[in-house]
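K.L.:
Curious how this folds, go ahead:
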Amino acid sequence: ATGAAVPNGGVEVPLRQACRFGVLDVDPRGRVTGFEEKPASPKPASYRANVAYASMGIYVFDYQVLKRACCEDAVRTSSHDFGKDILPRLVESNRVYAYNFTNDCELGDYWRDVGTLAAYWDAHMDLLRRPPDFNLYDKNWPIRTLPMTLPPGRFWCPGDRDQSNNFVDTLISPCCEIGGATIERSVLSPEVCVEPGAHIEDSIILHSTHVGKGARIRRAIVEKHVVIPDGVEIGYDPEEDARHYQVTPEGIVVVDQNPAFSFADHHVEYV
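P.N.:
Residues are numbered from 1 along each chain as shown. The predicted model follows:
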């Protein structure tokens, strides 16, 4: 509608956090008049002193404008960085407009930058709040993605009623197989297998991971295709965790495909 060569998604962020983003200056009509990538001292928005107007990193380009800008930058002495070099020049020479991001979700606006492990973990925990900060089930805000064709999850009891499944504030994806485990405030990706007696809390378990019998996992991000052996504890002893895994400053344990704990040729047979 504006005839912009570059429409750009923008969102308000607290001024103290704005140094993590590209900060936009806009006029009353929404035209971008200035852009600064991750400034040490961000400028407040013209209409509110305690927020900055940040780029969401979402752009739609006029192809010819983008091609010309990239070709010109390629022969120029610069760092050839999009945020530092190309976009500021586009702002000077073209119509760049910011779209003030709002959505139709019942719970209001939602956007998160997931550029750090802690932010990635936080965004998953947002899904588990009551009510959720971001509602996956809001039909007015559908998620456009390619669904996986998988069978439903299967939750089974190993025979001892004391080992029945216990789920609290948890998202469980299709094709998970869980038998007699406790899972609290966690997100399980597709094709995760959790054996009897395992206890998972405040964690993200990615695709096709196998959690062994009696294993305990807390405040962790577990990578795809990892095999957690029976009885292993993760997230309970910081010193021991640091010996085997990456641990963020916030205390989140990141379990990758460490050869000591996963096997590429491991075969799990579900009974």
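K.L.:
Find me the pLDDT at Ser55, would you?
P.N.:
On the pLDDT scale, Ser55 is placed at 91.
K.L.:
What sits closest to it if chain neighbours are left out?
P.N.:
Distances taken as Cβ to Cβ, 6 or more residues apart in numbering place Gly22 nearest to Ser55, at 4.0 Å, with adjacent residues excluded. Every residue, glycine included, has its C-beta placed from N, CA and C.
K.L.:
Run through the residues that contact that neighbour.
P.N.:
Phe35, Glu36, Glu37, Lys38, Ala54, Ser55, Gly57, Gly83, Leu87 (Cβ atoms under 8 Å, 6 or more residues apart in numbering).
K.L.:
Under a three-state scheme, what state does the last one occupy?
P.N.:
Spelled out, it's Leu87. helix (DSSP: H, G, I helix; E, B strand; the rest coil).
K.L.:
how close does the residue lying closest to it once chain neighbours are set aside sit to Val23?
P.N.:
Using Cβ to Cβ, 6+ apart and skipping the chain neighbours, the partner closest in space to Leu87 is Phe35 (5.4 Å). The gap separating Phe35 from Val23 is 7 Å, by Cβ to Cβ, to the nearest Å.
K.L.:
Pro147 too?
P.N.:
According to Cβ to Cβ, Pro147 and Val23 sit 37 Å apart.
K.L.:
The two: which is more packed in?
P.N.:
Using other Cβ atoms under 10 Å, the more surrounded residue of Pro147 and Val23 is Val23, with 24 against 7.
K.L.:
bridging residues for the more buried one?
P.N.:
Assessed by DSSP bridges, Val23 has beta-bridge partners Glu36, Ala54.
K.L.:
In this protein, where is pLDDT below threshold?
P.N.:
Across the chain, the ranges flagged by pLDDT under 70 are 102-108, 160-162, 258-271.
K.L.:
Centroid-nearest residue for the chain?
P.N.:
Tyr120 (3.9 Å; Cα atoms, centre = their mean).
K.L.:
What residues does it make contact with?
P.N.:
Applying Cβ under 8 Å, 6+ apart, the residues near Tyr120 are Val114, Ile204, Ile221.
K.L.:
In TSV, list these along with secondary structure and neighbour count.
P.N.:
Shown next, in TSV, are the contacts of Tyr120 (DSSP: H, G, I helix; E, B strand; the rest coil; neighbours: other Cβ atoms under 10 Å):
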residue	secondary structure	neighbour count
Val114	coil	12
Ile204	strand	23
Ile221	strand	23
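K.L.:
between these, which is nearest Leu66?
P.N.:
Nearest to Leu66, judged by Cβ to Cβ, of these is Val114 at 25.0 Å.
K.L.:
Setting the sequence-adjacent residues aside, check what's closest to the closest one.
P.N.:
Tyr120 (4.6 Å).
K.L.:
Toward the C-terminus, what is the element adjacent to the helix or strand hosting the one you found?
P.N.:
Here Tyr120 sits within helix 117-126, counting by DSSP states H and E. With elements assigned by DSSP H and E, the helix or strand that comes after helix 117-126 is strand 154-156.
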